[in-house]
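have a look at this fold, sequence not included:
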């Protein structure tokens, strides 16, 4: 690890000739720090089926639990636990490893030229300078090739009339976009609980918050895991996306378009009528529904649900991806009421037309009790995703933004308590 960090900073070293391994390790150690990732809180979980379902008793399911870990300086990252839901719905969470390790960033991540250019235009970075930079590149290019093209264009301008201040800003924006779309790789021998997704880009510098993982079924019936999360740089929040098929290699992707903003975006677990579908909350108050032909771009939204009941009047949002049932799409929601009290509710959407609300709980499904009231942030219960195990709804949830527990309830009871939505 010391040697690897030395390689990361060696360009800043004037002379590297003759450096012994011990000296390189010493230099690397000066650019490392230990960090207590979960020292303040471990909360806002989401749950998905594990990629490995072997060697289980009949009726059992192995799961992956993602959690928001908050440490010194209120910096949040994504950590993981594994466990088993047994046939009798008993929940077993396996003991985690003691130490966590960041993944290695893949240095030559490939970008698709058309998609990258579309993102630049969406960010207002389309210009003659951008056209010349992109014109040098292949249809698929690496970070190194992009930087070489940017440097070449800047050098050409410097040799002619000088680099325009506007083009300097564009050059920085192009490279920043590349840094925000990247891939990381863990080693297979690392247990899942040893893996940590820690902020790695300027947009994430103050935290990766509230990842909503979902196992998404592709058109060919294969599966990929997506997670929408909030990137925070200390001032601005940005919704972003991460994808993986094995929880070893993760690809981070920016979300673009006028509808890709604010917090609380949650993917449906499959396409609906041939299009990607997502829940969101752009106005800090209501839940919206969005559709797109491209998972990276979200241009339009429609308000799906507004606050009605006292326990949700301040704010209404989703609590993870919709769950498909025979009765419809079951969605857990969060509502904020008096004294900033967060409760978990639920509503039901039509399977074929999720813009149609079939039913809604009038009272919260889960409210903070006396034992769950005090913590990092008081009066809060919250989840980023539940799982339907047979006929039982398994809800991992945060207590006072501090710790995490589980609640279970027969899904039939939830559906039976739904009341028709009134306009």
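Cool, got the structure. Predicted model, so just to flag it, every value in this text is computed and none were measured. Numbering: from 1, shown residues only.

now the strands: where do they sit in the stretch 251-400 of the chain?
263-267, 276-281, 287-292, 302-305, 315-318, 323-325, 328-336, 342-349, 357-360, 381-382, 387-389, 392-399 (DSSP state E, counting those that start in this stretch).

oh, I was asking about the stretch 51-200 of the chain
61-70, 76-85, 91-93, 104-105, 110-112, 140-142, 182-185, 196-197.

closest one to residue 118 among the ones you listed?
Smallest distance to residue 118 across the strands of the stretch 51-200 of the chain (Cβ to Cβ): 9.4 Å, for strand 110-112. The C-beta positions use only the backbone N, C-alpha and C, and glycine is treated the same way.

so, low pLDDT: which residues of the stretch 1-150 of the chain?
12-17 (pLDDT under 70).

would CSV of the strands of the stretch 51-200 of the chain with mean neighbour count and distance to residue 357 be doable?
As requested, the strands of the stretch 51-200 of the chain are exported to CSV (neighbours: other Cβ atoms under 10 Å; distance: least, Cβ to Cβ, whole Å):
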stretch, mean neighbour count, distance to residue 357
strand 61-70, 23, 28
strand 76-85, 22, 29
strand 91-93, 15, 30
strand 104-105, 14, 42
strand 110-112, 16, 37
strand 140-142, 16, 43
strand 182-185, 18, 38
strand 196-197, 22, 34
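
hey, which of the strands of the stretch 251-400 of the chain is tucked in deepest?
Mean neighbour counts were taken over the strands of the stretch 251-400 of the chain using mean count of other Cβ atoms under 10 Å, and the top value, a mean of 26, falls to strand 381-382.

adjacent strands (with direction) for it?
Counting by DSSP bridges, the strands paired with strand 381-382 are strand 392-399 (antiparallel).

could you give the angle of the strand it pairs with to strand 76-85?
150 degrees (axes from the mean of the first three to the mean of the last three Cα atoms, to 10 degrees).

report the buried residues of the helix or strand following strand 392-399.
Counting by DSSP states H and E, the next helix or strand C-terminal to strand 392-399 is strand 403-410. Within strand 403-410, the residues that count as buried by 16 or more other Cβ atoms under 10 Å are 404, 406, 409.

and which of the residues you listed is nearest to residue 344?
Out of these, the member with the shortest distance to residue 344 (by Cβ to Cβ) is residue 409, at 10.8 Å.

any idea how the protein splits into domains?
1-32, 41-105+181-416, 110-180 (automatic domain parsing).

ok, back up a step: just put the buried residues of strand 403-410 in TSV and tack on pLDDT.
Converted to TSV, the buried residues of strand 403-410 look like this (pLDDT from 0 to 100):
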residue	pLDDT
404	97
406	98
409	98
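
now those residues in TSV, with distance to residue 182?
As requested, the buried residues of strand 403-410 are arranged in TSV below (distance: Cβ to Cβ, whole Å):
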residue	distance to residue 182
404	28
406	33
409	40
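
quick one: contacts for the closest residue to residue 61 other than its chain neighbours?
Leaving aside its chain neighbours, residue 61 sits nearest to residue 85 (4.7 Å; criterion: Cβ to Cβ, 6 or more residues apart in numbering). By Cβ atoms under 8 Å, 6 or more residues apart in numbering, residue 85 lies in contact with 60, 61, 63, 91, 92, 387, 389, 394.

which one of those residues is nearest to residue 154?
Among the contacts of residue 85, and counting by Cβ to Cβ, the member closest to residue 154 is residue 63, at 49.2 Å.

the closest one touches residue 47, doesn't it?
Yes - contact criterion Cβ atoms under 8 Å: residue 63 and residue 47 qualify, at 5.3 Å.

list residues touching both of these two?
With Cβ under 8 Å, 6+ apart, residue 63 and residue 47 have common neighbours residue 387.

what is the burial count for the spatially closest residue to residue 261 that is not a sequence neighbour?
The shortest distance from residue 261 to any non-neighbouring residue, by Cβ to Cβ, 6+ apart, is to residue 282 (5.7 Å). The tally of other residues near residue 282 (other Cβ atoms under 10 Å) stands at 20.

same check, this time on the one 4 residues further on
Other residues within reach of residue 286 by the criterion other Cβ under 10 Å amount to 16.

ditto for residue 9
12.

you'd agree it is in a helix?
Yes - when DSSP: H, G, I helix; E, B strand; the rest coil is applied, residue 9 is found to be in a helix.

what bridges to the nearest residue to residue 91 once chain neighbours are set aside?
Nearest non-adjacent residue to residue 91, counting by Cβ to Cβ, 6+ apart: residue 406, 5.2 Å away. Using DSSP bridges, the bridge partners assigned to residue 406 are residue 396.
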